[in-house]
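[1] Structure, please.
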Amino acid sequence: RRELEDLIATVQATEPDCGGITLLQGSNDAARFTLVERWPSQEIFLGPHMQEPHIRSFIERAGAFLAGPPDISFWRG
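    Numbers count the residues shown, from 1 in each chain. Presented below is the predicted three-dimensional model:
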């Protein structure tokens, strides 16, 4: 959780396109997390956001504390 909280704080402080991130933790499984992120477009999320140094660093370290790759899906409001 701490790694995710740190990443969220960095993204929200340094990426003006980010419209906010909500961190949810499973009530029946505390090891499961969901991030609800708001971005102006899927292209910005997959392009500039994913190339940020803090995102690249997180991805490189994630294998040490995450059970597997994230399940990323896109939704419209």
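
[2] For the residue of the chain most remote from its centre, what is the enclosing helix or strand?
    In the chain, the residue that sits farthest from the middle, by CA atoms, centre = their mean, is residue 28; the gap is 21.3 Å. For residue 28, there is no enclosing helix or strand under DSSP states H and E.

[3] residues contacting residue 25?
    1, 32-33 (CB atoms under 8 Å, 6 or more residues apart in numbering). Glycine gets a C-beta too; all of them are placed from N, C-alpha and C.

[4] Give the burial count for residue 57, as a bare number.
    Residues within reach of residue 57, counting by other CB atoms under 10 Å, total 12.

[5] Quick check: it vs residue 27, distance?
    As judged by CB to CB, to the nearest Å, residue 57 and residue 27 stand 30 Å apart.

[6] buried stuff in the strand or helix carrying residue 54?
    Secondary-structure assignment from DSSP H and E places residue 54 in helix 53-61. Within helix 53-61, the residues that count as buried by 16 or more other CB atoms under 10 Å are 55, 58.
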